[in-house]
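Engineer: Curious how this folds, go ahead:
(one chain, ligands or ions: 1)
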Amino acid sequence: MTHLARGEPITVQDVSVSFGTARVVAEAGLFVPEGSFTGLIGPNGSGKTTLLRTTARLLAPDAGAVWIGDDVAERLSRRELAQRLAVVEQHAHTDVEVTAREVVLLGRTPHRRAWKEARGTDHEIAEHCLERVGLTGFADRSWHTLSGGERQRLQLARALAQEPTVLVLDEPTNHLDIAHALQLLALAQHAGVTTLAALHDLNLAATFCDALVLLDQGEVVAAGPPEEVLTPQRLAGVYGVEAVIDHHPATGRPAITFPPPVVSH
Ligand SMILES: Nc1ncnc2c1ncn2[C@@H]1O[C@H](COP(=O)(O)OP(=O)(O)OP(=O)(O)O)[C@@H](O)[C@H]1O
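Structural biologist: Now for the predicted structure:
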């Protein structure tokens, strides 16, 4: 692990979440050590977003608890939580006319006294965070004129400007071309912050994550280093796909290919 040890561990303990009578997360537990990067993987509908939103306290669980460092997240004030945890959701939207800089400055809100304007340091941090996600020069652009990938990177800049100890990212590479996806995950890996991210691309997850947690129908069915979690048997059982797993010659990380499935006409 790379990191500057600004992170705090995340502990999710026996969390269950239901919508109506449907239980979509069932007694899920995971632990993300401080400063490390864990990928949450699993098929569509397996409960990744629900578990991430619960971790970020955007949803209340029916049972179980989330810990940020030594504190139960539920007992922290909104402001205390926002000083320690930043979340990037899948679909950011605003009807308000805002610039990219203003979006990133929102990340500074938990660190300002009520009603105080952004200070010089807030602006410096915002500029630095725009630079980190490759959006220098975009500061004065209207949010509405940004592409999907630029908006995605801007949300990460806003989250970094929050200077959290814990980052929760839902599909952060959605909308990104491969170069920007690699850059963003490298940034998350080296940010010095404890990171939990839902990822669909198993090769990217295997390349960047210290550990993976595999969800299937709301249950954690495997957790550990990528090479232990990603096995052909497990991918067949959970995703119903045939996978060939080699190792990347440079990194030694799992490198997965998928022969096309047989389609009957
Ligand atoms: N507000 C809601 N009301 C009812 N059902 C919901 C609600 N939110 C999510 N669900 C259901 O809960 C299940 C888990 O959804 P969730 O979005 O957590 O899965 P996911 O693993 O993130 O999926 P994907 O990979 O498709 O983004 C799905 O069956 C979904 O339809």
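Engineer: Give me the below-cutoff pLDDT ranges for the stretch 151-265 of the chain.
Structural biologist: Scanning the stretch 151-265 of the chain for pLDDT under 70 picks out no residues.
Engineer: can you give me the helices in it?
Structural biologist: Using DSSP state H, counting those that start in this stretch, the helices found in the stretch 151-265 of the chain span residues 178-190, 202-208, 226-229, 232-239.
Engineer: quick one: contacts for A22?
Structural biologist: The contact partners of A22, by C-beta atoms under 8 Å, 6 or more residues apart in numbering, come to none. C-betas here are computed from N, CA, C, even on glycine.
Engineer: Next: G47.
Structural biologist: Counting by C-beta under 8 Å, 6+ apart, G47 touches V17, V24, V25, A28, L215, Q217, G218.
Engineer: Near the ligand, which residues of the stretch 1-150 of the chain? Just list them.
Structural biologist: Taking C-beta under 6 Å from any ligand atom as the contact definition, the stretch 1-150 of the chain meets the ligand at F19, V24, G42, N44, G45, S46, G47, K48, T49, T50.
Engineer: make it 5 Å
Structural biologist: Residues of the stretch 1-150 of the chain found near the ligand (C-beta under 5 Å from any ligand atom) are F19, V24, N44, G45, S46, G47, K48, T49, T50.
Engineer: before we move on, back to that, restricted to strands, list the contacts of G47.
Structural biologist: Judged by DSSP state E, the contacts of G47 include V17, V24, V25, A28, L215 as members of strands.
Engineer: The second one and L215 touch, don't they?
Structural biologist: No. Here V24 lies out of contact with L215, judged by C-beta atoms under 8 Å, at a distance of 10.0 Å.
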